[in-house]
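Peer 1: show me how the following folds:
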Amino acid sequence: MQTTSFLTFVGGQCGKGLEAIELYTSLFPNSEIKRLDHYKEGEPGGAPDLIKFAEFTLNGTSYLLSESNYNHEWGFTPGVSILVRDNSEEQLQHLYNQLSTEGGQVMVPLDDYKGEGDYGFGRKFGWCADKFGVNWQFVLME
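Peer 2: Got it, this is the predicted structure:
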């Protein structure tokens, strides 16, 4: 049995999947695009310029992605996020800065826990949405 995350780009994000994959794989080490399939002309759910199915890895972890031009009533939500944990403060800060700027949204600044201990899972924590609406949490490990 395998489990993985599947990102579906719909609405205003439809058509931005490849840009997202290219950004993510450029930011994380040990990352690559493994598969990229487009819709065929006339195929339901998309158009030839949209991604029907993609597989990529971020630091060795597999993710799947698709785009759909159907009129969906949903999109990405902060209730589901990609969690990044690392013991390199510089690496986390770099990733957080790259993903939270240029159209992204800061939910929780990447910051220390004000000297009152930690969040219970790390010394530093931050949460943002990137310019595609994908949500990310960052934890600095001990």
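
Peer 1: per-domain residue ranges of this protein.
Peer 2: As recorded under automatic domain parsing, the domains making up the chain are 5-67, 82-140.

Peer 1: all the strands of this protein, in order from the start?
Peer 2: Using DSSP state E, the strands of the chain run over residues 5-9, 32-38, 51-58, 61-67, 82-86, 105-112, 124-129, 135-140.

Peer 1: tell me the angle of the second one relative to strand 61-67?
Peer 2: This points to strand 32-38. 20 degrees (axes from the mean of the first three to the mean of the last three Cα atoms, to 10 degrees).

Peer 1: and strand 32-38, what does it pack onto?
Peer 2: When contacts are defined as 3 or more Cβ pairs under 8 Å, 6 or more residues apart in numbering; DSSP states H and E, strand 32-38 sits against helix 17-27, strand 51-58. No exception for glycine: its C-beta is placed from N, CA and C like everyone else's.

Peer 1: then it to CSV, C-alphas only?
Peer 2: Extracted as CSV, the C-alpha positions of strand 32-38 are listed here (Å, rounded to 0.1, in the frame of the first residue of the first chain):
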residue,chain,number,x,y,z
GLU,A,32,12.6,15.9,-10.1
ILE,A,33,9.7,15.7,-12.5
LYS,A,34,9.1,12.0,-13.1
ARG,A,35,6.0,12.0,-15.3
LEU,A,36,4.0,14.7,-17.2
ASP,A,37,1.0,13.7,-19.3
HIS,A,38,-1.3,16.2,-21.0
